[in-house]
Structure formats: structure tokens, C-alpha cells
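K.L.:
pasting the structure only:
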């Protein structure tokens with residue numbers, strides 16, 4: 001991963017950080033800045049001993065091993081990262097999207113399946129502790145919602161993207177059965 005000190009106009013090549021270890025097969029991180037209160041930084045104290053501590057960053061990875069979503073944290077604005085560790089959320093080698101909502105809650109959109117490269121269901125998980133636990137998970141699309149009589153359309157809901165609008169509404173877009181892009185609007189309540 002590379003860092004930028006000017007919002008992406010240029011990139012600091014000499015500050016490249018290896019995020020995934022050889023053989024770990026973690027790709028396509030979604031990186032968000034967590035609110036300082038969202039993470040128990042004392043749990044990460046050993047990983048950041050003798051370093052300047054700032055607002056935490058979180059990298060959320062998909063796994064080519066089709067096992068779990070992996071998480072890594074940085075407390076020094078991306079100069080160094082914790083070792084990526086598996087979360088409790090499954091991953092079927094499909095893309096994930098992380099978003100910090102205006103309330104400070106962390107939201108991840110992901111395929112809630114493990115193995116077999118299943119791209120359903122497409123779910124939303126919420127965490128109030130920076131990804132350390134995920135007490136709320138809801139499906140946006142399920143396997144059943146893709147079944148049609150004599151249909152040959154794949155059961156696939158993938159490559160999510162999410163943003164929160166100024167009015168608080170949450171917009172999620174994703175590929176729908178490999179035929180179009182679907183857009184849904186959610187509320188945090």
C-alpha cells in the first residue's frame with residue numbers, strides 16, 4: 001500500500017507498506033478512517049509501541065482462500081499496520097466495501113458466504129467497536145431472491161460500493177445477476 005500526503009495528487013513510493021504476507025492471499029483492501037472512540041487502542045498497544053498514535057485506520061480485505069474477511073489497523077496514518085487477522089465475517093473470495101457512517105458506526109457490505117465463491121447472500125454488517133465484533137447483520141439479497149422459473153441468470157450479487165449522503169441515507173450499488181447494477185437506499189435505523 002502506498003501513502004499520499006496531498007490527497008492523492010502524488011504518492012510516496014518510498015513509503016510502500018506490505019499489507020498481506022506471502023501466502024496469505026489478501027487483496028483489494030477497503031480502507032476507512034475510524035473515529036478515535038470506535039476502537040480499543042489499548043488492545044493494539046504492543047503493535048504500535050514507540051510510535052506516534054493518531055486516528056485509527058482500518059483495512060478490510062477479501063481473501064483468495066475463501067475463508068474470512070481480514071482486518072488490519074494503523075494508528076500512525078498508514079505508516080505501519082498490524083498483521084491482518086481474520087474477522088468473524090465469512091468471505092468467499094468476493095469484494096468487500098467498508099464505510100464509516102456519520103454516527104461513527106462501521107458498516108461493511110459483503111457476501112455472507114464462505115467457500116465455493118458464492119456471491120450470495122449480499123449482506124450488510126454493522127460494528128460499533130471498529131470491527132472487533134459484528135452484532136448486526138442483514139441481507140440485502142439472498143439466494144432465494146435470485147431464483148426464477150427456468151432462469152439461467154447466475155445467483156450473483158457482487159462488487160458493492162457504498163456512500164452516505166448528507167441527509168444520512170446510505171446508498172449501496174452492486175452488480176445484480178451479472179446483468180445490471182442495482183442501487184438500494186438504506187437508513188441507519
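P.N.:
Done, it's in. If you're wondering where the values come from, they're calculated on a predicted model, not measured in any experiment.

K.L.:
pLDDT of stretch 125-138, averaged?
P.N.:
Taken as a whole, stretch 125-138 carries a mean pLDDT of 95.

K.L.:
so how far is it off the chain centroid?
P.N.:
11 Å (Cα atoms, centre = their mean, to the nearest Å).

K.L.:
Which residues does the closest residue to residue 157 other than its chain neighbours form beta bridges with?
P.N.:
Closest residue in space to residue 157, ignoring its immediate chain neighbours: residue 122 at 3.7 Å, by Cβ to Cβ, 6 or more residues apart in numbering. C-beta here means a position set from N, CA and C on the backbone, and glycine is covered the same way. Taking DSSP bridges as the rule, residue 122 bridges to residue 111, residue 141.

K.L.:
Next up, the contacts around residue 122.
P.N.:
The contact partners of residue 122, by Cβ atoms under 8 Å, 6 or more residues apart in numbering, come to 109, 110, 111, 112, 139, 140, 141, 157, 158, 160, 174.

K.L.:
Next up, the contacts around the spatially closest residue to the fourth one that is not a sequence neighbour.
P.N.:
Yep, that's residue 112 we're talking about. Nearest residue to residue 112, sequence neighbours excluded (Cβ to Cβ, 6+ apart): residue 123, at 3.9 Å. Neighbour list for residue 123: 109, 110, 111, 112, 137, 138, 139, 140 [criterion: Cβ under 8 Å, 6+ apart].

K.L.:
Can you name the two of these that sit furthest apart?
P.N.:
Maximum pairwise distance among the contacts of residue 123 (Cβ to Cβ): 13.6 Å, between 111 and 138.

K.L.:
rewinding a little: using JSON lines, lay out the contacts of residue 122 together with neighbour count and distance to residue 184.
P.N.:
Formatted as JSON lines, these follow (neighbours: other Cβ atoms under 10 Å; distance: Cβ to Cβ, whole Å):
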{"residue": "109", "neighbour count": "25", "distance to residue 184": "10"}
{"residue": "110", "neighbour count": "27", "distance to residue 184": "15"}
{"residue": "111", "neighbour count": "29", "distance to residue 184": "15"}
{"residue": "112", "neighbour count": "22", "distance to residue 184": "16"}
{"residue": "139", "neighbour count": "15", "distance to residue 184": "12"}
{"residue": "140", "neighbour count": "19", "distance to residue 184": "6"}
{"residue": "141", "neighbour count": "22", "distance to residue 184": "9"}
{"residue": "157", "neighbour count": "27", "distance to residue 184": "11"}
{"residue": "158", "neighbour count": "20", "distance to residue 184": "14"}
{"residue": "160", "neighbour count": "24", "distance to residue 184": "10"}
{"residue": "174", "neighbour count": "23", "distance to residue 184": "8"}
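
K.L.:
Kindly reformat those residues as TSV and extend each row with distance to residue 74.
P.N.:
Output for the contacts of residue 122, formatted as TSV (distance: Cβ to Cβ, whole Å):
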residue	distance to residue 74
109	22
110	21
111	26
112	26
139	31
140	29
141	32
157	30
158	27
160	23
174	27
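
K.L.:
Brilliant, that's me finished.
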